[in-house]
Each structure stands twice: as C-alpha cells, then as structure tokens.
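Student: Need a 3D model of the sequence below.
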Amino acid sequence: MTESLDMEDVGVAPSRSGRRTSKLAIVGAGAVGSTMAYAALMRGAARTVALYDINAAKAEAEALDLGHGIQFMPMAQVVGSDDLAVCADADVVMFTAGAKQRPGQSRLDLAEATIGLVRKVLPAVVEVAPDAVYVMVTNPVDVVTYAALQISGLPPSQLFGSGTVLDSSRLRYLIAQHTGVAVQNVHAYIAGEHGDTELPLWGSASIGSVPLLEWTGAGGSGPLTAEVRDGIAREVVESAYRIIEGKGATNYAVALAGSRIIEAIVKDEGRVLPVSSLLDDYYGISDVCLSVPAIVGAGGVGERLPVPLSDEELAGLRSSADAVRSVARQFGF
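Tutor: Numbers count the residues shown, from 1 in each chain. Sure thing, here's the model as predicted:
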C-alpha cells in the first residue's frame, strides 16, 4: 500500500477562476482502464483523471506515462494510486476492473469472479465518492450492473452500464462499410444484452434521413437485404471474440465509447445513448438491466426512449432479458 494521499491532492482541482472542475475516477488500470484514461484526456473530457488499482506500481506508472503527454492534450491532472482516496469527490466513476476474458470464453462466464470483485471494491468507492455517477464497464456488463445496484444501494439513475454503446458503434461502422456512407450519418442501435443475445433495431435505423430498410443502394452499394443484415448482426457479436483471440483484449473502441459516456455526463448533454440500465415496465420488461436508447446527462441515466419495435424485435428483447435475468438469479440477484 502506498502512503495515504492528502485529500487536497486527489480531490477535484480548482480552476484559475476558483470554480469547481470535473473529475473522472477509473477503477482498474488494466488495458481498458488505462486506455479509457488516455481517451478521456485526449478528448478533454475531465480536468482531473484518477486511476485506482490494487497494483500501486501499475496505477502510478500509467498515471506518470499519461502525465508526460499532457503537453499534447487539453490541460489536465493525472494521478494514480492503490489508495481509494484517489477517487474522492469524483463526478464520474468508470468501473473497469474485472476478470479478464479469455479466448472462447463468453462474457457471462466472467460473472462470478467479477461480481465478487464488485462486492469487495464498490461500497468503498461509494463511500469516498457518494455523489458520482457510476458507469460499470466490466463484463458481463448487464449482470454486473444489476448486481452493483443491489450491492451499492445507489438509485438506478446514478449507476448504469456502458451497455451496447460500443456494439452500436460496431453496427454503424459495418453499415457504413457496406454502403460507403460516412459512419457519422448512420443512425442505428443495438439493444438488449451486451453479448450473444443482443439485437439490432433495424426498424428504427436510418442512413441520413432514409429509413435503413428502404435503402436502395446509393453509389452501387446494393440494398441492405435480410441476408446482408444478418451477416452484419453476426459480425457485431463475433468481432469482440476475434479481437480477443488476436490481441488478448478489446481496449481502443471501448475506451472511446466510454469517453463519450463521460462527456455526456460531465457536460450534461442529454445525449441519447444505448446504455444498460434497470428497466421498469419498458414494453412490459422489468427488473433487469438491459441496453435501450436512453437520455444521459449530469444526473446519470434518465428517460428510456420508447423506440418503435417490430414484433420480432420485441420478442428478441424479451429473450435477451430472460437470458440476463437467469444468469443474475444464479448469483443470488
């Protein structure tokens, strides 16, 4: 354990005007946590970034390495420690610590070890940062988010999961690759579990202002037939497994997705993001954490948007809810 940190050193740094500035705490300085710190710093998402990890040398080294590059980023302070005081007074806490997913292992296989870690660490973080908005990033994110709500006692608006923000980005990327349209002009969401039972919401998707199901193939790309859509949906699910098999972990895209969530909170954007939150009679689905488009701002996750669903999409969302709920029940939640 490193020497206890002075709270003034790890708290929210004042600006030159004396106004309070934003602080991001990241629990877990592994591949995802350290890359998320990098992405948040590059985007100027927070004025102070604190890395907490039980491995003091790792947390301190990551913070030092990042700090050496501050000259080339928006101005910020970076600190790292194995002392939970480093998280004090955070505005946002990103929980990235968890068991590492091995090749061939599903996200749900990780549940037991990760929930045990959440049970051990999360209450202590809430003690030092009771007003923060908590975003669970570690897998299986839907089950872990549900367990974290029970463990922490935090309201469902204040704690939610990163959900399918990354999956939706993968979906948009693949649609853009097929159509030749800039990915920023593709509007489509993945809903449900962040995992094998997730589903694309094709019925509400669009390219520009053209409904995706009516896309005729501008520029010679060809229409998005059922066969093409099935291939894209399969690639969204399988791409993470391919990345893990090839390099051991996914970190860049999830860090960028996480930094987008951080910005939505810190800047109180009211941005619509498909985060994983506790549903309460969402199309009759309750008592489970799943991803649906929701409004995210300074207070955390707000209204879950009633996106029009086809009968097939609603059945898929209910099936995804059943799958996640059954795993949560296995661990007593």
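
Student: Distance check, the residue nearest the centre of the chain against Ala37.
Tutor: Closest residue to the average C-alpha location of the chain: Ser162 at 2.2 Å, with CA atoms, centre = their mean. Distance, Ser162 to Ala37, by CB to CB, to the nearest Å: 15 Å. The C-beta positions use only the backbone N, C-alpha and C, and glycine is treated the same way.

Student: got it, and Ala113?
Tutor: 23 Å.

Student: do the same with Leu224
Tutor: Taken as CB to CB, the span from Leu224 to Ala37 is 37 Å.

Student: out of these two, which sits in the busier spot?
Tutor: Taking other CB atoms under 10 Å, Leu224 and Ala37 do not tie; Ala37 has more neighbours (31 against 21).

Student: Would you map the strands across the stretch 1-150 of the chain?
Tutor: 23-27, 48-52, 77-81, 92-95, 133-136 (DSSP state E, counting those that start in this stretch).

Student: Given the second one, what are its sheet partners and their directions?
Tutor: Yep, that's strand 48-52 we're talking about. strand 23-27 (parallel), strand 77-81 (parallel) (DSSP bridges).

Student: Other residues contacting it?
Tutor: 10, 12-13, 21-29, 33-34, 37, 40-41, 59, 62-63, 66, 76-84, 86-87, 90, 125 (CB atoms under 8 Å, 6 or more residues apart in numbering).

Student: For the longest helix seen in the chain, list every residue counted as buried.
Tutor: For the chain, the longest helix by residue count, based on DSSP state H, is helix 226-247. Going by neighbour count (16 or more other CB atoms under 10 Å), the buried part of helix 226-247 is Val228, Arg229, Ile232, Ala233, Val236, Val237, Ser239, Ala240, Tyr241, Ile243, Ile244.

Student: got it, and stretch 181-191?
Tutor: In stretch 181-191, the ones that count as buried by 16+ other CB under 10 Å are Val181, Val186, His187, Ala188, Tyr189, Ile190, Ala191.

Student: Paired strands for the host helix or strand of the last one, with orientation please.
Tutor: This points to Ala191. Per DSSP states H and E, Ala191 falls inside strand 190-191. Strand pairing for strand 190-191, determined by DSSP bridges: strand 199-200 (antiparallel).
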